[in-house]
Each structure stands twice: as structure tokens, then as C-alpha cells.
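# pasting the sequence and the predicted model now:
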Amino acid sequence: MYIAQQYFGLSDEGMEDAIDDSQAIRRFVGIDLSREFAPDSTALRKFRRLLEAYQLTERIVTAISTLLAVKDSILKEGTRLRLCRFTISTTGEA
């Protein structure tokens, strides 16, 4: 969710709304509203603050940029990419 939130430039409340409104976003973040509740903006804010407190946001961006570079893609602000799921492994394998 953090990745989609950053990519689309959404606030915590905006991400909550996007999850409620967009099937594509729900599919990307792996939420099935028929089986589980989506996190609210408070939960998203707490998670984001934990990432920031442990300085993980930069590591996430670096890992994604590295993965995209391997796949010969780039992610720039204002550029639309087709959202797809991917896994970032701590062992360096994608």
C-alpha cells in the first residue's frame, strides 16, 4: 500500500479512499474486501511513520529502483506504469 500511495501521491486518507473505490488498487495491494477489511487512514499513517522511524522508506525506493533497472524500466514522477505485483527479496533475488 505504501508503494501505491507514494506512486500516486496520495495522503493516508486518499489511499483509504482509493482502496475503497478502485478495484485495480485493491488487486495491486492484495486486498479482497469480500474476505477482509481494508486498513483505515490511521493504520496507514502508523505504518508509514514506522517505516520513516526506522529509515526504511529510502531502502524500499532503492530496492524497487534496482528491480525496475534489472527489468529495463524506470519509475519517474508523473510517469504512468502498468501496476503489477512483484516481490522484493532481502536476498537480492526478485
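Okay, I see it. Residues are numbered from 1 along each chain as shown.
# per-residue confidence for the residue sitting furthest away from the middle of the chain?
With C-alpha atoms, centre = their mean as the measure, the chain has its most outlying C-alpha, relative to the mean C-alpha position, at S34: 21.0 Å. What the model reports for S34 is a pLDDT of 93.
# which residues touch it?
Under the criterion of C-beta atoms under 8 Å, 6 or more residues apart in numbering, S34 has no neighbours. The C-beta positions use only the backbone N, C-alpha and C, and glycine is treated the same way.
# which residues in the chain form helices?
Listed in chain order, the helices found in the chain under DSSP state H are 2-8, 12-21, 23-29, 41-53, 57-70.
# what is the rounded mean pLDDT of the last one?
Okay, so that is helix 57-70. Across helix 57-70, pLDDT averages out at 84.
# how far off centre is it?
What separates the centre of helix 57-70 from the centre of its chain is 12 Å, taken as C-alpha atoms, centre = their mean, to the nearest Å.
# do you know how far R59 is from R26?
With the distance defined as C-beta to C-beta, to the nearest Å, R59 ends up 26 Å from R26.
# show me which of these two is the more surrounded one.
Comparing R59 with R26 by other C-beta atoms under 10 Å, the one with more neighbours is R26, at 17 against 13.
# the more buried one reaches L33, doesn't it?
Yes: R26 lies in contact with L33 (C-beta atoms under 8 Å); the separation is 6.6 Å.
# please pull out the lowest mean pLDDT helix or strand from the chain.
helix 57-70 (a mean of 84; mean pLDDT, DSSP states H and E).
# I'd like to know which elements that one is packed against.
Taking 3 or more C-beta pairs under 8 Å, 6 or more residues apart in numbering; DSSP states H and E as the contact definition, the neighbouring helices and strands of helix 57-70 are helix 2-8.
# what comes up buried for the helix it packs on?
For helix 2-8, the buried set under the neighbour-count rule, 16 or more other C-beta atoms under 10 Å, comprises I3, A4, Q5, Q6, Y7.
# for the third one, list the residues it contacts.
By that I understand Q5. Taking C-beta under 8 Å, 6+ apart, we find Q5 in contact with D12, G14, M15, L44, R48.
# many thanks, I have nothing further to ask.
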